[in-house]
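Asker: Could you look at this predicted model? Sequence included:
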Amino acid sequence: MDPSSLEIFCKNAQCGDPEIHTSMLAPSVESRRFRRMNYMGSANFGFGKRLLLGIISDENEWRPPMGEYHLYQCPVCGAERFFVKRGDLLSEVVPP
């Protein structure tokens, strides 16, 4: 799986392109189409980094899970989304 080929979309509907739907039965309706985010790169977060964060941070501080992280960013509003890959599973990471 190539992370740069994934289609990840921005959650902010205001930065999307307008899209007009027309049909014979209903009047034209305008809605927003979500904008595709750009792939910004990846980084590995392994046991060594997790151990180092455990030494220099508080016990109650949130630490990201281990795995390979992929960052996507919206070219219009600058919103970022992080995804972690562990094995064959790719899931979004939402920090508290």
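Answerer: Received it, and whenever you're ready, just let me know what you need. Here the structure is a predicted model, which means the values were calculated and not measured. Numbers count the residues shown, from 1 in each chain.
Asker: Kindly provide the distance from residue 16 to residue 41.
Answerer: Going from residue 16 to residue 41 by Cβ to Cβ, to the nearest Å gives 24 Å. (C-beta placed from N, C-alpha, C; glycine too.)
Asker: Give the residue from the two that has the larger number of neighbours.
Answerer: Each of residue 16 and residue 41 has its neighbours counted (other Cβ atoms under 10 Å); residue 16 has more, 18 against 11.
Asker: I figured the more buried one hits residue 74, correct?
Answerer: No. Counting by Cβ atoms under 8 Å, residue 16 does not reach residue 74; the two are 9.6 Å apart.
Asker: and for these two, which residues touch both?
Answerer: Here residue 16 and residue 74 have 10, 35 as joint contacts, going by Cβ atoms under 8 Å, 6 or more residues apart in numbering.
Asker: list the contacts for residue 79?
Answerer: So residue 79 contacts 10, 11, 12, 15, 37, 73 (Cβ under 8 Å, 6+ apart).
Asker: Could you measure from the closest residue to the fifth one other than its chain neighbours over to residue 91?
Answerer: By that I understand residue 37. The shortest distance from residue 37 to any non-neighbouring residue, by Cβ to Cβ, 6 or more residues apart in numbering, is to residue 72 (4.0 Å). Separation of residue 72 from residue 91 (Cβ to Cβ): 13 Å.
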